[in-house]
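Enquirer: Next comes the sequence, and after it the predicted model I'd like to discuss.
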Amino acid sequence: MGSSETAKKINYKRLALLIAVVLLFAFLIGIVFRLRYQRTKLRELNEQTRQLEDRVNELMREKERLQSDLEFTKSLEGLLQYARDNLGYKLPEDIRIEDDMPEDGGMDGE
């Protein structure tokens, strides 16, 4: 084996090592960019999760309020209140207040 063949083998080994190092470097850069993207995406997903949890809590409070209203409307007191407010129902002991009182304070002929 001559010195030129040995030099060529050394050059090929250096070239192969250089290519391997460049590929490794490119691979590591790819991993870094992927990790940064995943971190950003994770932050976004965590924020969406927090917003959805807030909305779920809000809806749960609304559900509890509606269930309470439903229970009230099923009761006798609730039915009477609905009849008074919406159907004009009056109990004998109810006092009716007229909105359109006469100008003289209701004192006709006095």
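Expert: Arrived safely, thanks for sending. Numbering: from 1, shown residues only.
Enquirer: Following the helix or strand harbouring residue 14 in sequence, what is the next regular element?
Expert: If you go by DSSP states H and E, residue 14 is part of helix 3-74. Sequence-wise, the next helix or strand downstream of helix 3-74 (DSSP H and E) is helix 76-87.
Enquirer: which residues are in contact with that following helix?
Expert: Residues outside helix 76-87 that contact it (CB atoms under 8 Å, 6 or more residues apart in numbering): 71, 72, 73, 89, 90, 91, 94. C-beta here means a position set from N, CA and C on the backbone, and glycine is covered the same way.
Enquirer: and if we set it to 7 Å?
Expert: Contacts of helix 76-87 with the rest of the structure, by CB atoms under 7 Å, 6 or more residues apart in numbering, involve 72, 73, 89, 90.
Enquirer: Against residue 64, how distant is the residue nearest to the first one when sequence neighbours are not counted?
Expert: In space, residue 72 comes closest to residue 78 once its chain neighbours are excluded; the distance is 4.2 Å by CB to CB, 6 or more residues apart in numbering. Distance check for residue 78 against residue 64: by CB to CB, to the nearest Å, it reads 17 Å.
Enquirer: Specify which residue of these two has the higher count of neighbours.
Expert: residue 78 (14 against 10; other CB atoms under 10 Å).
Enquirer: Pull the CA coordinates from stretch 54-71 and hand them back as CSV.
Expert: Below are the C-alpha coordinates for stretch 54-71, written out as CSV (Å, rounded to 0.1, in the frame of the first residue of the first chain):
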residue,chain,number,x,y,z
ASP,A,54,-63.8,27.9,33.5
ARG,A,55,-66.7,27.5,31.1
VAL,A,56,-67.6,24.1,32.6
ASN,A,57,-67.7,25.7,36.1
GLU,A,58,-69.8,28.5,34.8
LEU,A,59,-72.2,26.0,33.2
MET,A,60,-72.3,23.9,36.4
ARG,A,61,-73.4,27.0,38.3
GLU,A,62,-76.0,27.8,35.7
LYS,A,63,-77.3,24.2,35.9
GLU,A,64,-77.5,24.4,39.7
ARG,A,65,-79.4,27.7,39.4
LEU,A,66,-81.8,26.2,36.9
GLN,A,67,-82.4,23.1,39.0
SER,A,68,-83.2,25.3,41.9
ASP,A,69,-85.6,27.4,39.8
LEU,A,70,-87.2,24.1,38.5
GLU,A,71,-87.7,22.8,42.1
